[in-house]
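Enquirer: Generate a structure from the sequence data that follows.
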Amino acid sequence: MPPSPAPQPRSSEPLARVQDRVLLHLRRSTVSLLEHVPANAAGAVLPAGEIPLQYRRTVGSGRPAPLVLDPARYRTDTATPQVPFRFPPANLCNPEGDPAQALRQLDRCPSPFDTVLTPTGLLASDRTGIRALLEAVRLVQGLRTHRLVLALPLGPGWLTRMGTHVLAALLAPVSVPKALVLDGEHSPVDSVEKLRALRCVLTELPGTAVLGATGLTALDALAHGAPFVSVDAAPRSEDPSPPAPPGVLHHRLLTYLAGPAATAHLQGLGRCCCEPCLQWGEERAHGRVGRPYAVLGQDGNAEAAHAHNLTVVSDLARKLTRGAVRGDRTKLWRRMCTDAVREHDWHRDAAGPALPSLDPSEELLFRAGHPAR
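Expert: Numbers count the residues shown, from 1 in each chain. The predicted structure follows:
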């Protein structure tokens, strides 16, 4: 890994270093994936604990990568009205364990992180969860932060029409930066209804980040007002072995190709020319540019597929955010999704009846503004 200069001074704005970025959201079981992150990666969300020095720099870009600390208490604890945040044990600087003081310590403690998430427990979508959220809001109200972001790990049931109205009402007074945590274990955005609800939250609560989602959901959030997003490296598993990606992301189809029906099309999609795939081709000197999609889809290539997927998402995010204001991003994203639907139709006609049909998903049709088929 090439050496990097000393970290630059932080801006007074908490989100300045992560603005418009797609970060890789890591867990303890997936920190090793950072070794395979391509040079265009925008930074990482790292779990609490000791951070290996080699993971603190941007790969190949010549400047420090933005780092976000995620205590990830929602993976082990549920938020309650009495304890919405799960802090470490009381220390000499805070012997009474005062939560307001603990938040200030978290915000100001020297560390390499540009942004720090609050240690919020999982917010259930019931009366207890609502009361816990109210208490969390009370504790952060009036808090002057340098880098603290109120993490909102949503449990099942929040991404509904009623749930979004409740979130908007409870969080409207909050002045500190906010981030929805939507990991695949607790609150996956896996339907048109949930995608519509997420867009509603972003409209009602401008400036809310979206963390832990899949790449396409992260891009949709970025197009609809999220200041930054992160992509979960392990959407559904804490297995210590390398996690399986959600599939191979195709940059024109805007689809994760997974499962027998989808992977049958990998051979006909040719070669990918994203940065890691170009490097793969150069190292093997096959005389052809890039890496075949069929190779990416083979068993045992999970880490390569993760690096490929993150690169594609980062490339699409740069296209989406380069010089575009918020309203234009939404229009550009819809146009990109419309082109992806047409690409599905073209590929289906070119493949013919020999392969199973590769139809656009309901979510892609929704993003493109097309009626369901």
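
Enquirer: what residues are up against residue 87?
Expert: 97, 99, 102, 106, 119 (C-beta atoms under 8 Å, 6 or more residues apart in numbering). C-beta: built from backbone N, CA, C; applies to glycine.

Enquirer: Now stretch 294-309: buried residues?
Expert: Within stretch 294-309, the residues that count as buried by 16 or more other C-beta atoms under 10 Å are 294-297, 301-309.

Enquirer: Tell me how far the helix of greatest length in the chain lies from the chain's centre.
Expert: Counting residues, the longest helix in the chain under DSSP state H turns out to be helix 326-351. Averaging C-alpha positions (C-alpha atoms, centre = their mean, to the nearest Å) puts helix 326-351 21 Å from its chain's average.

Enquirer: Counting by contacts, list what the helix or strand where residue 165 lies packs against.
Expert: Of the helices and strands defined by DSSP states H and E, residue 165 is found in helix 161-171. Using 3 or more C-beta pairs under 8 Å, 6 or more residues apart in numbering; DSSP states H and E as the contact criterion, the secondary-structure elements in contact with helix 161-171 are helix 127-140, helix 192-204.

Enquirer: Please repeat the previous calculation with a cut-off of 10 Å.
Expert: helix 127-140, strand 148-153, strand 178-181, helix 192-204 (3 or more C-beta pairs under 10 Å, 6 or more residues apart in numbering; DSSP states H and E).

Enquirer: Reformat those as CSV; add mean neighbour count, distance to residue 214 and mean pLDDT.
Expert: Formatted as CSV, the helices and strands packed on helix 161-171 follow (neighbours: other C-beta atoms under 10 Å; distance: least, C-beta to C-beta, whole Å; pLDDT from 0 to 100):
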stretch, mean neighbour count, distance to residue 214, mean pLDDT
helix 127-140, 18, 24, 96
strand 148-153, 26, 16, 96
strand 178-181, 26, 13, 96
helix 192-204, 19, 11, 96
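
Enquirer: Give me the number of neighbouring residues for the nearest residue to residue 146 once chain neighbours are set aside.
Expert: Closest residue in space to residue 146, ignoring its immediate chain neighbours: residue 107 at 5.7 Å, by C-beta to C-beta, 6 or more residues apart in numbering. Other residues lying near residue 107 total 18 when counted by other C-beta atoms under 10 Å.

Enquirer: you'd agree residue 107 is up against residue 150?
Expert: No - counting by C-beta atoms under 10 Å, residue 107 does not reach residue 150; the two are 11.3 Å apart.

Enquirer: Overlap in contacts, those two.
Expert: With contacts taken as C-beta atoms under 10 Å, 6 or more residues apart in numbering, the residues that reach both residue 107 and residue 150 are 118, 143, 176.

Enquirer: who's in contact with the residue lying closest to the first one once chain neighbours are set aside?
Expert: Counting by C-beta to C-beta, 6+ apart, residue 118 lies nearest to residue 151, which is 4.9 Å off, once chain neighbours are set aside. Counting by C-beta under 10 Å, 6+ apart, residue 151 touches 70-74, 85, 116-121, 123, 136, 178-181, 209, 211-212.

Enquirer: That'll do, ta.
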